[in-house]
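In: Okay, here's the prediction I keep looking at, along with the sequence it came from:
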Amino acid sequence: MIELDQLTKTFTQKDGQKVTAVDSVSLKVEEGEICVFLGPSGCGKTTTLKMINRLIEPTSGRVLINGNDTSGLNEVDLRRHIGYVIQQIGLFPNMTIEENITVVPRLLGWDKKRCAERATELMSMVALDPKLYLKRYPRELSGGQQQRIGVIRALAADPPVLLMDEPFGAVDPINRETIQNEFFAMQRQLKKTVIMVSHDIDEAIKLGDRVAVFRRGKLVQYDHPDTLLAHPRDDFVGQFVGADSTLKRLLLVKAGDAATQPETVRAETPLADAFAIMDENDSRYLTVLDGEQRALGLVSRRAARGAQGVCGDKLTEFQASVSPDENLRIVLSKMYQFRSSWMPVLDTEGHYVGEITQDSIADYLSSGRSRQQTGHVPVTRAVEFNT
């Protein structure tokens, strides 16, 4: 969707000395992904972002959107097809909220009815009552509400690409988390291709499908958030992600990633055979499955010892289970809640995926493995720019 090819920006200072703000940055952002540009102040991430919509013209290199070199496009048309959100929000104080939201659609020639319907639709996405807020002015809204308007204004004309320059940085922590969650929910529905600038590692791993770490104008590492945390490329990246990087990974790794595949039995398996399996593997229980791999419960070592009959006669229900897509933080929370060291991993129809234990979680996090894919399939949609 978006490709940066050896993108470079050099500024000339008043004394004639040249400073390279962005140095030969190359990366690709797939359609429907959120890419976060991360790094300290002055590292070149915002300059790189602004070169994508040509608010800053590159010194050399190329920006390609769906294979189109943006240097050959009319810059006004280019920007009308790219949503842009800034930290300072930038709402027009003399316009109502509805007028602010529909600035670009009106420039594109949308009629009043279509503009009003779009504004109402977007307001509902960020939990603001259109009847209460559309006719108000920015000064009548709180900072968090204004930031929500700034985000949906960038989405008003349904642009395929969204650029965001520290969009939640000026919002207090409570509102920031709420707006991040609202934005993430919108993204799952709309599947825009998003590039976001941030200096907050927690925000980057929460929202990003891929994270690009910048230092002194250079791209240091570009990876899935979990890979970034598990395998920082150098000491700079390691220090930036923080000493608690393993704990941060709990939000990224899914139960299905860390699940193991222990032996199981069927309901018709003799209890004597089940006990022999547990004795051989030094286990305290076995999961019992039906003929379609659905988990029925467990049979314990104590129940099987010396007993006659089959496993189906001695079934014990699971205290709780987890789904393959639940993150390890939720899994551990459930384990502590139910005072359990393990839980079965079941899909939505009750099919057995495996089991997850405190040991398997520790083994996964210390093994060097990491999640290389985001788990969602972007929606394919052609992007057209007026030339």
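Out: Ah, there it is.

In: So which residue is smack in the middle of the chain?
Out: Note on the chain: the residue nearest the mean C-alpha position is Leu207, at 3.5 Å, using CA atoms, centre = their mean.

In: Check the gap between the residue nearest to it when sequence neighbours are not counted and Ile149 for me.
Out: Closest residue to Leu207 apart from its sequence neighbours, by CB to CB, 6 or more residues apart in numbering: Ile34 at 5.5 Å. For every residue, glycine as well, the C-beta is placed using N, CA and C. For Ile34, the distance to Ile149 equals 20 Å [CB to CB, to the nearest Å].

In: now Arg329
Out: 32 Å.

In: which of these two has more neighbours?
Out: Set side by side, Arg329 and Ile149 show unequal neighbour counts under other CB atoms under 10 Å, the larger going to Ile149 at 24 against 15.

In: quick one: secondary structure of that one?
Out: helix (DSSP: H, G, I helix; E, B strand; the rest coil).

In: What distance do you get for it to Phe92?
Out: Distance, Ile149 to Phe92, using CB to CB: 11 Å.

In: hmm, who's touching the helix or strand bottoming out on mean pLDDT in the chain?
Out: Each helix and strand of the chain was given a mean pLDDT (mean pLDDT, DSSP states H and E); the minimum falls on helix 173-190 at a mean of 84. Contact with helix 173-190 is made by 34, 125-127, 143-144, 147-148, 151, 155, 167-168, 171, 194, 203, 206-207, 376, as judged by CB atoms under 8 Å, 6 or more residues apart in numbering.

In: ranges for the helices of the stretch 201-350 of the chain?
Out: Remark: helices assigned in the stretch 201-350 of the chain by DSSP state H, counting those that start in this stretch are 201-207, 225-230, 235-241, 245-248, 255-258, 271-281, 301-304, 328-337.

In: list the buried ones in the last one?
Out: What it means is helix 328-337. Leu328, Ile330, Val331, Lys334, Met335 (16 or more other CB atoms under 10 Å).

In: can you check the third one too?
Out: Buried residues in helix 235-241, defined by neighbour count with 16+ other CB under 10 Å: Phe236, Val237, Phe240, Val241.

In: now do the first one
Out: Buried residues in helix 201-207, defined by neighbour count with 16+ other CB under 10 Å: Ile201, Glu203, Ala204, Ile205, Lys206, Leu207.

In: for that helix, packing partners?
Out: Contacts defined by 3 or more CB pairs under 8 Å, 6 or more residues apart in numbering; DSSP states H and E place helix 201-207 against strand 34-38, helix 173-190, helix 225-230, helix 245-248.

In: just the strands in the stretch 1-150 of the chain please.
Out: 2-12, 18-29, 34-38, 60-65, 68-69, 82-86 (DSSP state E, counting those that start in this stretch).

In: Alright, I will stop here.
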